[in-house]
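Undergrad: next one to model:
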Amino acid sequence: MFKKYQNDFNQSKGYILLIVLAIIASYGVYKYCSVSLIIRLSEENALFELSTALFFFISSVILFLLFRSTKNIFFILLSVIFFVGAGEEINWGQHLMHFSTPNYLNKINVQNEFNFHNIEIFNTGNFDGSKKSGLERLLEINFLFRLFCLFYGIVIPFLIIQSKTISNFIHKIKMPTPKLSIGVFFIINWFVYKLVLMILPKGNNIYYYLTASEIFECIQAFIFLCISYEYYRNNLKNGHDVR
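TA: Numbering: from 1, shown residues only. Have a look, this model is predicted:
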C-alpha cells in the first residue's frame, strides 16, 4: 500500500514543486510588500483575482479540448464548472466593461454585482450584513466549492488507492481523478491561509486581510490548473490527439 502512495508522489513531483513555490510567492506579499500595496491587491480586477479567473479559464479550455478528443463526459462537466468559476470571479467582465447590474439581479444580489455567487441564498452573508448559520450555510458557494475540492481532490483519490473495488469502479466510468499528492494541497493551502490570518498584525484595514482570501482562491485555481494539465499530458501519453 505504501508503494502506491510513493508512486503517486513520484509522479507528481514537478507539480508539487510548482504549487509550493506558488504558495510561498503568493503569501510572501505580506512580508515583502507595503500595507498599501497589499490592500490594493484585494481590489476588483487586481493581480490575484485576475489570476484566479485566468487559471480557471485555461483549465476550462484544456478540459474542453480533452472532451473533444476523448468524448469523456466528465471532461465537459469539469470544463463548464471552471468556465463558470472564471466568469464568476470577474463578475462576467462587469468591472472591465463597465455595464450595470440588471434590476432583477440587483434586488437579490448582496453586493449588487452581475454574478450568481453573491445572490443572497448563495452568499456567505445576508442583506443586513449578518453571517449565515446552521443549514443556511449548506448553500453557500464558498462552502460548496471547498466541499468539491475536498471530495474530488482528496477523498476520491484516497479511496482509489485504498480500495481496489472503488478504483475499478472509477476506472469503469472513466472519471478522471487527480493524484492524491496534488489534491492534498487543497487542504495545505487552507491551513496556510488560516495560519497567515492568525499571525498577521492586528488593527489594519479589513482589505489588508481580504487579500489573503484572494490568494487562497488563486492557489486553489492554480492547483486545478495543474490537475487539468496533468490530464492533458496523460491523454497525450495514451495516444489521444488533443487539439
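
Undergrad: looking at the protein, which helix or strand is least sure?
TA: Lowest by mean pLDDT, DSSP states H and E among the helices and strands of the chain is helix 94-97, with a mean of 77.

Undergrad: which residues touch that helix?
TA: Residues from elsewhere that reach helix 94-97 (CB atoms under 8 Å, 6 or more residues apart in numbering): Glu44, Asn45, Ile90, Thr101, Glu113, Phe114, Asn115. Any C-beta I mention is one placed from the backbone N, CA and C, and that applies to glycine too.

Undergrad: count the residues that sit near the fifth one.
TA: Spelled out, it's Glu113. Counted by other CB atoms under 10 Å, the residues lying close to Glu113 total 19.

Undergrad: OK, contacts around it?
TA: Neighbouring residues of Glu113 by CB under 8 Å, 6+ apart: Asn91, Gln94, Thr101.

Undergrad: of those residues, closest to Asn123?
TA: Asn91 (13.5 Å; CB to CB).

Undergrad: can you count the residues close to the closest one?
TA: Other residues near Asn91 number 24, with proximity taken as other CB under 10 Å.

Undergrad: for Asn112, same thing?
TA: 12.

Undergrad: who's in contact with it?
TA: Thr101, Asn106 are the contacts of Asn112 under CB under 8 Å, 6+ apart.

Undergrad: and it, which of the three is it?
TA: Following DSSP: H, G, I helix; E, B strand; the rest coil, we place Asn112 in the coil state.

Undergrad: dump the host helix or strand of Phe186 to PDB, keeping only the CA atoms.
TA: Element membership for Phe186 (DSSP states H and E) is helix 185-199. Extracted in PDB, the C-alpha atoms of helix 185-199 (Å, rounded to 0.1, in the frame of the first residue of the first chain):
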ATOM      1  CA  PHE A 185      -2.600  20.800  -1.400                       C
ATOM      2  CA  PHE A 186      -6.300  22.000  -1.300                       C
ATOM      3  CA  ILE A 187      -6.100  21.300   2.500                       C
ATOM      4  CA  ILE A 188      -2.500  22.500   2.800                       C
ATOM      5  CA  ASN A 189      -3.400  25.800   1.200                       C
ATOM      6  CA  TRP A 190      -6.400  26.200   3.500                       C
ATOM      7  CA  PHE A 191      -4.100  25.600   6.600                       C
ATOM      8  CA  VAL A 192      -1.500  28.100   5.300                       C
ATOM      9  CA  TYR A 193      -4.300  30.600   4.700                       C
ATOM     10  CA  LYS A 194      -5.600  30.200   8.200                       C
ATOM     11  CA  LEU A 195      -2.100  30.400   9.700                       C
ATOM     12  CA  VAL A 196      -1.300  33.600   7.800                       C
ATOM     13  CA  LEU A 197      -4.500  35.200   9.100                       C
ATOM     14  CA  MET A 198      -3.500  34.200  12.700                       C
ATOM     15  CA  ILE A 199       0.000  35.700  12.500                       C
END
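
Undergrad: specify the angle between the longest helix seen in the chain and helix 185-199 in degrees.
TA: Using DSSP state H, we find that the single longest helix of the chain is helix 206-237. Put simply, helix 206-237 runs at 160 degrees to helix 185-199, going by axes from the mean of the first three to the mean of the last three CA atoms, to 10 degrees.
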